[in-house]
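Colleague: Sharing a sequence plus its predicted fold:
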Amino acid sequence: QVQLVESGGGSVQPGGSLRLSCAASGEGFRINAMGWYRQALGSQRELVATITTGGTTTYADSALGRFFISTISRDNAKNTMVLQMNSLKPEDTAVYYCNTKSTRPGRSYEYNHWGQGTQVTVSS
C-alpha cells in the first residue's frame, strides 16, 4: 500500500497563491508518477498536473503558466510532490487529490493510489 499525506490548501483571494504538498511512501512499491487532480462541486474529477520520476510534466490547459509541479525523491518508494499554484481564480475552487501510479518490482500491473483530498477555495 502506498500511503499519501497531503498538506496545504485553504482559502485565498483571487490572484493569490497556494502550495500543495503530498508525501508518498510505500515499501515494496516503485512510484513511477505522481499527480494532482481536482473535483469541483457537481463536476467530475479532472487532471491538474502530473510528473514522472524522470521529470516529465503534464498540465491541464487551465493550469498552464500558473501552476508548477515538482518532486523531491528520496528513493523509489518515497517521494514528496509539490504543486505551486499562482494567480488563482475562483474556478480553481475544488477538492484537490494527490495520486500516485506505482508498480511492484518485476511486475507490470500499475497501482493507482489516492489521497483523501484537500480543499482549495478561491473567493473574494
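Modeller: Good, I have the coordinates.
Colleague: alpha carbons only for contacts and neighbour counts from here, please
Modeller: Fine.
Colleague: Tell me what the most centrally placed residue in the chain is bridged to.
Modeller: The centroid of the chain falls nearest to Trp36 when counting by CA atoms, centre = their mean (2.5 Å). With DSSP bridges as the criterion, the beta-bridge partners of Trp36 are Ala49, Cys98.
Colleague: in terms of contact, does it touch Cys98 like I think?
Modeller: Yes - using CA atoms under 8 Å, Trp36 is in contact with Cys98, at 4.8 Å.
Colleague: ok, back up a step: who's in contact with the residue nearest to the centre of the chain?
Modeller: Leu47, Val48, Ala49, Thr50, Leu83, Tyr96, Tyr97, Cys98, Asn99 (CA atoms under 8 Å, 6 or more residues apart in numbering).
Colleague: What strands flank the helix or strand of the chain with the lowest mean pLDDT, and is each parallel or antiparallel?
Modeller: For the chain, using mean pLDDT, DSSP states H and E, the weakest element among its helices and strands is strand 67-75, scoring a mean of 84. Here strand 67-75 has these sheet partners by DSSP bridges: strand 78-85 (antiparallel).
Colleague: Tell me the buried residues in the partner strand?
Modeller: Of all the residues in strand 78-85, those buried under the rule 16 or more other CA atoms under 10 Å are Lys78, Asn79, Thr80, Met81, Val82, Leu83, Met85.
Colleague: got a list of contacts for it?
Modeller: Here strand 78-85 makes contact (CA under 8 Å, 6+ apart) with 17-26, 31, 34-36, 66-73.
Colleague: One more pass at 6 Å, please.
Modeller: Strand 78-85 is contacted from outside by 17-25, 67-73, using CA atoms under 6 Å, 6 or more residues apart in numbering.
Colleague: picking up where we left off before, with Thr56 as the reference, measure out to the residue nearest to the centre of the chain.
Modeller: 14 Å (CA to CA, to the nearest Å).
Colleague: measure stretch 83-94 end to end?
Modeller: End-to-end distance of stretch 83-94 (CA to CA): 14 Å.
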